[in-house]
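Enquirer: Build me a model from this:
(one chain, ligands or ions: 2)
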Amino acid sequence: MKNERTLVIIKPDGVQRSLIGEIMKRYERSGLKLVGVKMIVPTAEHVENHYTIDPEWRRVTGEKTIKNYKDKGLPPPSEDPLAITTIILANLKKYMTSGPVIAMVWQGVHAVKIVRKITGGTEPLTSDVGTIRGDLVLDSYQLSDTDGRAVRNLIHASGSVDEANKEIALWFAPSEIVNYRLVQEQILYDVNLDGILE
Ligand code: ADP
Ligand code: MG
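Expert: Ligands and ions are numbered 1, 2, ... in the order given. I've put the predicted structure just below:
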(Lines give C-alpha, C1' and ligand atoms only; values in the text may rest on other atoms or scores of the structure.)
(Ligands and ions follow the chains in the order given, each with its own letter.)
Protein backbone atom coordinates (compact mmCIF):
# COMPACT_ATOMS: atom_id res chain seq x y z
CA MET A 1 0.00 0.00 0.00
CA LYS A 2 2.79 2.42 0.88
CA ASN A 3 4.23 1.99 -2.60
CA GLU A 4 1.15 3.04 -4.58
CA ARG A 5 2.11 5.35 -7.44
CA THR A 6 0.26 7.93 -9.50
CA LEU A 7 1.03 10.07 -12.52
CA VAL A 8 0.66 13.85 -12.35
CA ILE A 9 1.22 16.18 -15.28
CA ILE A 10 1.45 19.94 -14.93
CA LYS A 11 -0.23 20.97 -18.19
CA PRO A 12 1.14 23.77 -20.42
CA ASP A 13 -0.99 26.44 -18.71
CA GLY A 14 0.49 25.51 -15.33
CA VAL A 15 4.03 25.91 -16.66
CA GLN A 16 3.16 29.20 -18.42
CA ARG A 17 1.59 30.61 -15.28
CA SER A 18 4.75 29.91 -13.27
CA LEU A 19 2.92 27.53 -10.95
CA ILE A 20 5.36 24.58 -11.11
CA GLY A 21 6.76 25.23 -7.64
CA GLU A 22 3.37 26.00 -6.06
CA ILE A 23 1.83 22.84 -7.50
CA MET A 24 4.72 20.55 -6.57
CA LYS A 25 4.71 22.01 -3.06
CA ARG A 26 1.08 21.03 -2.54
CA TYR A 27 1.73 17.38 -3.37
CA GLU A 28 5.09 17.30 -1.61
CA ARG A 29 3.84 18.62 1.73
CA SER A 30 1.14 15.91 1.87
CA GLY A 31 3.85 13.35 2.62
CA LEU A 32 3.89 11.77 -0.83
CA LYS A 33 7.33 11.01 -2.29
CA LEU A 34 8.41 12.27 -5.72
CA VAL A 35 10.00 9.29 -7.49
CA GLY A 36 10.13 10.58 -11.08
CA VAL A 37 10.03 14.00 -12.76
CA LYS A 38 10.81 15.47 -16.18
CA MET A 39 9.89 18.27 -18.59
CA ILE A 40 8.72 17.31 -22.08
CA VAL A 41 6.70 18.64 -25.01
CA PRO A 42 4.28 15.78 -25.76
CA THR A 43 3.31 14.79 -29.30
CA ALA A 44 -0.36 14.60 -30.38
CA GLU A 45 -0.02 10.82 -30.72
CA HIS A 46 1.28 10.55 -27.17
CA VAL A 47 -1.63 12.64 -25.87
CA GLU A 48 -4.17 10.47 -27.69
CA ASN A 49 -2.54 7.29 -26.33
CA HIS A 50 -2.61 8.79 -22.87
CA TYR A 51 -6.30 9.69 -22.84
CA THR A 52 -7.47 6.49 -24.52
CA ILE A 53 -5.52 4.15 -22.21
CA ASP A 54 -8.78 3.62 -20.34
CA PRO A 55 -11.27 2.17 -22.87
CA GLU A 56 -14.11 3.72 -20.86
CA TRP A 57 -12.66 7.25 -20.89
CA ARG A 58 -14.56 8.41 -24.00
CA ARG A 59 -17.94 7.31 -22.64
CA VAL A 60 -17.40 8.36 -19.00
CA THR A 61 -16.02 11.82 -19.84
CA GLY A 62 -18.83 12.43 -22.34
CA GLU A 63 -21.45 11.42 -19.78
CA LYS A 64 -19.79 13.56 -17.09
CA THR A 65 -19.96 16.59 -19.41
CA ILE A 66 -23.65 16.01 -20.26
CA LYS A 67 -24.52 15.66 -16.55
CA ASN A 68 -22.59 18.83 -15.73
CA TYR A 69 -24.57 20.84 -18.28
CA LYS A 70 -27.90 19.42 -17.12
CA ASP A 71 -27.09 20.05 -13.44
CA LYS A 72 -26.62 23.71 -14.36
CA GLY A 73 -29.92 23.74 -16.29
CA LEU A 74 -28.09 24.19 -19.60
CA PRO A 75 -28.51 22.12 -22.79
CA PRO A 76 -25.40 19.91 -23.45
CA PRO A 77 -23.59 20.40 -26.79
CA SER A 78 -24.78 16.88 -27.78
CA GLU A 79 -26.70 13.98 -26.21
CA ASP A 80 -24.11 11.53 -27.55
CA PRO A 81 -21.19 11.09 -25.08
CA LEU A 82 -18.84 9.81 -27.81
CA ALA A 83 -19.53 12.80 -30.07
CA ILE A 84 -18.62 15.06 -27.15
CA THR A 85 -15.35 13.25 -26.40
CA THR A 86 -14.28 13.27 -30.06
CA ILE A 87 -14.25 17.06 -29.81
CA ILE A 88 -12.69 17.04 -26.31
CA LEU A 89 -9.87 14.76 -27.50
CA ALA A 90 -9.07 16.97 -30.50
CA ASN A 91 -9.01 20.00 -28.21
CA LEU A 92 -6.88 18.17 -25.64
CA LYS A 93 -4.27 17.41 -28.31
CA LYS A 94 -3.99 21.13 -29.12
CA TYR A 95 -3.84 22.04 -25.43
CA MET A 96 -1.34 19.42 -24.31
CA THR A 97 1.09 19.88 -27.22
CA SER A 98 1.13 23.68 -26.99
CA GLY A 99 4.24 23.82 -24.80
CA PRO A 100 6.30 22.00 -22.20
CA VAL A 101 4.64 19.99 -19.45
CA ILE A 102 6.06 18.55 -16.22
CA ALA A 103 5.41 14.83 -15.79
CA MET A 104 5.77 13.45 -12.27
CA VAL A 105 5.32 10.19 -10.42
CA TRP A 106 4.26 10.50 -6.77
CA GLN A 107 4.39 7.53 -4.41
CA GLY A 108 2.86 6.75 -1.03
CA VAL A 109 -0.16 5.24 0.66
CA HIS A 110 -3.39 5.97 -1.28
CA ALA A 111 -1.32 8.07 -3.72
CA VAL A 112 -4.00 8.05 -6.43
CA LYS A 113 -6.85 9.26 -4.21
CA ILE A 114 -4.73 11.69 -2.19
CA VAL A 115 -3.49 13.33 -5.39
CA ARG A 116 -7.02 13.57 -6.84
CA LYS A 117 -8.18 15.19 -3.59
CA ILE A 118 -5.38 17.78 -3.63
CA THR A 119 -5.96 18.39 -7.36
CA GLY A 120 -9.75 18.95 -7.16
CA GLY A 121 -12.55 18.30 -9.66
CA THR A 122 -12.13 18.66 -13.40
CA GLU A 123 -13.95 21.98 -13.87
CA PRO A 124 -12.26 24.88 -12.01
CA LEU A 125 -15.61 26.70 -11.63
CA THR A 126 -16.88 23.92 -9.38
CA SER A 127 -13.62 22.47 -7.95
CA ASP A 128 -13.46 22.77 -4.17
CA VAL A 129 -11.68 25.72 -2.58
CA GLY A 130 -8.36 24.54 -1.16
CA THR A 131 -7.62 22.32 -4.16
CA ILE A 132 -5.16 23.27 -6.90
CA ARG A 133 -7.88 23.59 -9.54
CA GLY A 134 -10.19 25.39 -7.08
CA ASP A 135 -7.61 27.93 -5.93
CA LEU A 136 -5.34 28.69 -8.86
CA VAL A 137 -7.46 28.87 -12.02
CA LEU A 138 -10.96 29.93 -13.11
CA ASP A 139 -12.11 28.11 -16.27
CA SER A 140 -15.52 26.48 -16.93
CA TYR A 141 -17.05 24.01 -19.41
CA GLN A 142 -19.29 26.80 -20.62
CA LEU A 143 -16.42 29.13 -21.52
CA SER A 144 -14.16 26.41 -22.96
CA ASP A 145 -16.99 25.01 -25.09
CA THR A 146 -17.96 28.48 -26.31
CA ASP A 147 -14.33 29.08 -27.29
CA GLY A 148 -13.95 25.55 -28.74
CA ARG A 149 -11.05 24.42 -26.56
CA ALA A 150 -10.19 22.09 -23.67
CA VAL A 151 -10.88 23.14 -20.10
CA ARG A 152 -7.67 24.69 -18.72
CA ASN A 153 -7.30 23.11 -15.33
CA LEU A 154 -3.50 23.03 -14.81
CA ILE A 155 -3.16 19.33 -13.98
CA HIS A 156 -3.65 15.78 -15.14
CA ALA A 157 -3.85 13.20 -12.34
CA SER A 158 -4.54 9.46 -12.76
CA GLY A 159 -8.07 8.36 -11.86
CA SER A 160 -7.39 4.85 -10.52
CA VAL A 161 -4.48 2.59 -9.55
CA ASP A 162 -4.86 0.59 -12.75
CA GLU A 163 -4.94 3.77 -14.89
CA ALA A 164 -1.94 5.11 -12.97
CA ASN A 165 0.19 2.04 -13.67
CA LYS A 166 -0.61 2.16 -17.39
CA GLU A 167 -0.04 5.92 -17.61
CA ILE A 168 3.28 5.75 -15.74
CA ALA A 169 4.47 3.10 -18.22
CA LEU A 170 3.46 5.41 -21.08
CA TRP A 171 5.32 8.47 -19.76
CA PHE A 172 8.35 6.99 -17.93
CA ALA A 173 10.96 4.34 -18.68
CA PRO A 174 11.53 2.12 -15.61
CA SER A 175 15.06 3.57 -15.31
CA GLU A 176 13.60 7.08 -14.87
CA ILE A 177 11.86 6.11 -11.65
CA VAL A 178 14.03 6.19 -8.55
CA ASN A 179 13.56 3.85 -5.60
CA TYR A 180 14.81 5.56 -2.46
CA ARG A 181 14.00 6.04 1.18
CA LEU A 182 12.73 9.42 2.42
CA VAL A 183 13.51 10.08 6.09
CA GLN A 184 10.02 11.46 6.78
CA GLU A 185 8.53 8.03 5.98
CA GLN A 186 9.77 7.01 9.42
CA ILE A 187 7.24 9.40 10.92
CA LEU A 188 4.45 8.82 8.39
CA TYR A 189 4.48 5.03 8.47
CA ASP A 190 6.50 3.77 11.44
CA VAL A 191 4.19 1.85 13.77
CA ASN A 192 5.88 2.57 17.12
CA LEU A 193 7.59 5.98 16.67
CA ASP A 194 10.21 4.65 19.07
CA GLY A 195 13.26 6.31 17.53
CA ILE A 196 12.55 9.95 18.41
CA LEU A 197 13.39 10.37 22.10
CA GLU A 198 17.03 10.04 23.18
P1 ADP B 1 -9.72 14.75 -15.24
O2 ADP B 1 -8.55 15.49 -15.85
O3 ADP B 1 -10.27 15.48 -14.05
O4 ADP B 1 -9.44 13.30 -14.97
P5 ADP B 1 -11.28 13.88 -17.56
O6 ADP B 1 -10.43 12.65 -17.60
O7 ADP B 1 -12.76 13.71 -17.58
O8 ADP B 1 -10.91 14.82 -16.33
O9 ADP B 1 -10.93 14.81 -18.83
C10 ADP B 1 -9.59 14.99 -19.21
C11 ADP B 1 -9.36 16.45 -19.54
O12 ADP B 1 -10.14 16.83 -20.67
C13 ADP B 1 -9.78 17.44 -18.45
O14 ADP B 1 -8.81 17.62 -17.44
C15 ADP B 1 -10.02 18.70 -19.24
O16 ADP B 1 -8.81 19.39 -19.53
C17 ADP B 1 -10.59 18.16 -20.54
N18 ADP B 1 -12.06 18.12 -20.55
C19 ADP B 1 -12.85 17.19 -19.95
N20 ADP B 1 -14.15 17.43 -20.17
C21 ADP B 1 -14.18 18.55 -20.95
C22 ADP B 1 -15.24 19.34 -21.54
N23 ADP B 1 -16.52 19.00 -21.38
N24 ADP B 1 -14.91 20.41 -22.28
C25 ADP B 1 -13.63 20.74 -22.45
N26 ADP B 1 -12.59 20.06 -21.93
C27 ADP B 1 -12.86 18.99 -21.19
MG1 MG C 1 -9.18 11.62 -16.23
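
Enquirer: can we go C-alpha only for contacts and neighbour counts from here?
Expert: Will do.

Enquirer: Which residue comes closest to Leu34 once chain neighbours are left out?
Expert: Of all residues not flanking Leu34 in the chain, Trp106 sits nearest, at 4.6 Å (C-alpha to C-alpha, 6 or more residues apart in numbering).

Enquirer: is ligand 1 contacted by the strand or helix carrying the one you found?
Expert: Trp106 belongs to strand 101-107 when assigned by DSSP states H and E. No - Strand 101-107 lies out of reach of ligand 1 by C-alpha under 6 Å from any ligand atom, never closer than 13.5 Å.

Enquirer: which parts of this structure sit against ligand 1?
Expert: Checking the chain against ligand 1 by C-alpha under 6 Å from any ligand atom, the hits are 61, 65, 88, 121-122, 141, 144-145, 150-153, 156, 159.

Enquirer: thinking again about what came up before, report how many residues lie close to the residue nearest to Leu34.
Expert: Neighbour count for Trp106, taken as other C-alpha atoms under 10 Å: 22.

Enquirer: ok, back up a step: residues making contact with the strand holding Trp106?
Expert: 2-12, 15, 20, 32-42, 168, 171, 177 (C-alpha atoms under 8 Å, 6 or more residues apart in numbering).

Enquirer: Give me the subset of those residues that lies in helices.
Expert: Pro12, Val15, Ile20, Ile168, Trp171 (DSSP state H).

Enquirer: Turn those residues into CSV, columns for pLDDT and distance to Glu48.
Expert: Shown next, in CSV, are these (pLDDT from 0 to 100; distance: C-alpha to C-alpha, whole Å):
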residue, pLDDT, distance to Glu48
Pro12, 98, 16
Val15, 98, 21
Ile20, 98, 24
Ile168, 98, 15
Trp171, 98, 13
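
Enquirer: pretty sure Val112 contacts His156?
Expert: No - the pair Val112 / His156 is not scored as a contact, 11.6 Å apart, by C-alpha atoms under 8 Å.
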